[in-house]
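**Student:** build me a structure from this.
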Amino acid sequence: MSAIKEKAESLKEEIIRHRRWAHMNPEPGFKEFKTSAYIKEELKKIGLDFRTAAETGIICDIKGNGDGKTILIRGDIDALPLQEDNDVPYKSQNQGMMHACGHDTHIACLLGTAKILSEMRDKFKGTARLVFQPAEEGPGGATPMVKDGAVGDPENPEVDAAIALHVTAGEDMLVNTIGVKDGPLSAGADEIYVEVIGKGGHGSAPHEAIDPVFVAAQIVIQVQGYLSRFVNTFEPVVMTFGKIVGGDRQNIISERVRMDGTLRTFNRDLRKQMYEKLPKLFSDIAKTYGAKAKTEIIPGYGVGINDRVLTDMLRELYGEMYGKAGLIEQEFPTMGAEDFFEFGLDGKIPAMMFWLGGGNKERGMLASNHSNYFDIDEDCLPMGSALLSGLAVKYLNS
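**Tutor:** Residues are numbered from 1 along each chain as shown. Sure, this is the predicted structure:
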């Protein structure tokens, strides 16, 4: 694995160039036209074939020395609608758009991986499938990529495993470190829309009306009690209503209230149970006060569960390449959502994502992802490419 590490280090300036180009040219989901064209041109320079999927996504297979397994390596390519406030030479050139979640790093690391694996075909069997995925920040590009053949036939997938990295910064994730976690890593995230229908009336005579604002308030409160009493206390679940709209003026009881919320959990079975139980709960609460509640649940990104075989393989690889000092065992998952795990087909394909540390105290690079000041120490880039390449080779030869 030392040869892979050395090759990645030799490509440092090239990988930095990829990252800075992407950082200066951020684009929204499914509109990453310049980004997609740039990636394709770089793959052509390496001599690799590819095909387009999901409008702006790219699938590129690198075949090794003989038949074998297939590992999918994913990098997302979209940016966020955010104005960058960093004063750097590679600052975003697109007004109101920024690579504030590190997808520029993911692009660069995956292009570095493409170069490394293309020059080491004789060192592994099987296929490394590089997937440059659009629209992770929304509305979601992984599922369209799957529909366009990223894993083959979902009923009988040709991909045996899927891996990805996610760069982050902060005092707990400095450059030259990685974060690894077995099991749940990211939450399933679903959109919940509830319409409470009451009976309009005068604010001075609530007994002659059915107040949907009051009913909505009961739903907000009682759902928290329901989750704390009826869900296993060892199963984290979050139900938040972030937007409630209703009413016309201070002395009018309106007829309807709209509630928009999000449901988060790490348990796939519990998630499915909530699809059935929450609409009934909201309806029953509304009936208690003579109102009606109509609920729509839009499934979002699935639960992200890391495969233990892949995380152990990563631990071993990192130790071989960099020693053990920078390997951070993540204690807790995140309630944030990540559509990379859609490539795992709800657990059918082993999948694993790890955190790549990019923080630097001395240079003030400690802003969190999605911050208008997010930036990373580019010394982390060769490590990202080395670990993705090394893990692919290790898995395909296992």
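**Student:** contact partners of stretch 111-123?
**Tutor:** Residues from elsewhere that reach stretch 111-123, judged by C-beta atoms under 8 Å, 6 or more residues apart in numbering: 3-4, 7-8, 11, 14-15, 18, 39, 42-43, 46-48, 60, 62-65, 73, 124, 128, 130, 381-382, 384-386, 388-389, 392-393, 397. All C-beta atoms are positioned from the backbone trio N, CA, C, and that covers glycine.
**Student:** got a PyMOL select line for the buried ones in those residues?
**Tutor:** Buried residues within the contacts of stretch 111-123, by 16 or more other C-beta atoms under 10 Å, are selected in PyMOL with:
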select buried, resi 4+7+8+11+14+15+18+39+42+43+48+60+62+63+64+73+124+128+130+381+382+384+385+386+388+389+392+393
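**Student:** show me the contacts of stretch 111-123 that map onto strands.
**Tutor:** Judged by DSSP state E, the subset of the contacts of stretch 111-123 located in strands is 60, 62, 63, 73, 128, 130.
**Student:** isn't the first one up against residue 50?
**Tutor:** Yes: taking contacts as C-beta atoms under 8 Å, residue 60 lies within contact range of residue 50: 4.0 Å.
**Student:** which neighbours do the two share?
**Tutor:** Once C-beta under 8 Å, 6+ apart is applied, the residues that residue 60 and residue 50 both contact turn out to be residue 43.
**Student:** any idea which residue is closest to the centre of the chain?
**Tutor:** residue 338 (2.2 Å; C-alpha atoms, centre = their mean).
**Student:** the ones in strands among the contacts of stretch 111-123: which two are farthest apart?
**Tutor:** Taking C-beta to C-beta, the two most distant members of the ones in strands among the contacts of stretch 111-123 are 63 and 73; they sit 13.9 Å apart.
**Student:** what residues of stretch 203-216 count as buried?
**Tutor:** Within stretch 203-216, judged by 16+ other C-beta under 10 Å, the buried ones are 209, 210, 211, 212, 214, 215, 216.
**Student:** so which of these belong to helices?
**Tutor:** Cross-referencing those with the helices (criterion: DSSP state H) gives 212, 214, 215, 216 as the overlap.
**Student:** just give me the closest of these to residue 154.
**Tutor:** Comparing every one of those with residue 154 (C-beta to C-beta), the shortest separation belongs to residue 216, at 38.9 Å.
**Student:** residue 315 touches residue 180, doesn't it?
**Tutor:** Yes: with contacts counted by C-beta under 8 Å, residue 315 reaches residue 180, the gap being 6.1 Å.
**Student:** shared neighbours of these two, anything?
**Tutor:** Common contacts of residue 315 and residue 180, defined by C-beta under 8 Å, 6+ apart, comprise residue 327.
**Student:** neighbour count winner among the two?
**Tutor:** Counting neighbours by other C-beta atoms under 10 Å for residue 315 and for residue 180 shows that residue 180 has the greater number, 20 against 17.
**Student:** wait, residue 185 touches residue 331, no?
**Tutor:** No: look at residue 185 against residue 331 with C-beta under 8 Å: they stay out of range, at 11.9 Å.
**Student:** more neighbours: which of those two?
**Tutor:** Here residue 185 and residue 331 are compared on neighbour count by other C-beta under 10 Å; more neighbours surround residue 185, at 28 against 7.
**Student:** the more buried one - that's part of a strand, no?
**Tutor:** Yes: secondary structure assignment (DSSP: H, G, I helix; E, B strand; the rest coil) places residue 185 inside a strand.
**Student:** got the contact list for it?
**Tutor:** Contacts of residue 185 were listed using C-beta under 8 Å, 6+ apart, and they are 304, 305, 306, 330, 333, 334, 338, 353.
**Student:** can you tell me which of the residues you listed are in helices?
**Tutor:** Checking those against helices, none of them qualifies (DSSP H).
**Student:** in the sheet, who's paired with the nearest residue to the residue nearest to the centre of the chain once chain neighbours are set aside?
**Tutor:** Closest residue in space to residue 338, ignoring its immediate chain neighbours: residue 186 at 4.4 Å, by C-beta to C-beta, 6 or more residues apart in numbering. In this structure, residue 186 has beta-bridge partners residue 304, residue 334, where bridges are defined by DSSP bridges.
**Student:** which helix in the chain has the most residues?
**Tutor:** Of all the segments of type helix in the chain, defined by DSSP H, the longest one is helix 268-288.
**Student:** following it, which helix or strand comes up?
**Tutor:** Secondary structure here is assigned by DSSP states H and E; on that basis, the next helix or strand after helix 268-288 toward the C-terminus is strand 292-298.
**Student:** can you list the strands that that following strand pairs with?
**Tutor:** Applying DSSP bridges, one finds strand 292-298 paired with strand 188-197 (antiparallel).
**Student:** what angle separates the strand it pairs with from helix 268-288?
**Tutor:** Note on geometry: by axes from the mean of the first three to the mean of the last three C-alpha atoms, to 10 degrees, strand 188-197 and helix 268-288 are set 10 degrees apart in direction.
**Student:** next, the buried residues of strand 188-197.
**Tutor:** By neighbour count, with 16+ other C-beta under 10 Å as the criterion, the buried positions of strand 188-197 are 188, 189, 190, 192, 194, 195, 196.
**Student:** what average pLDDT does that strand get?
**Tutor:** Strand 188-197 carries an average pLDDT of 98.
**Student:** okay, that strand in CSV with CA atoms only?
**Tutor:** The C-alpha atoms that make up strand 188-197 are tabulated as CSV, following Å, rounded to 0.1, in the frame of the first residue of the first chain:
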residue,chain,number,x,y,z
GLY,A,188,-33.0,8.4,7.5
ALA,A,189,-34.7,11.7,6.8
ASP,A,190,-38.3,12.1,5.7
GLU,A,191,-40.5,15.1,5.0
ILE,A,192,-43.9,15.2,6.9
TYR,A,193,-46.7,17.5,5.9
VAL,A,194,-49.8,17.8,8.0
GLU,A,195,-52.9,19.8,7.1
VAL,A,196,-55.2,20.4,10.1
ILE,A,197,-58.7,21.3,9.0
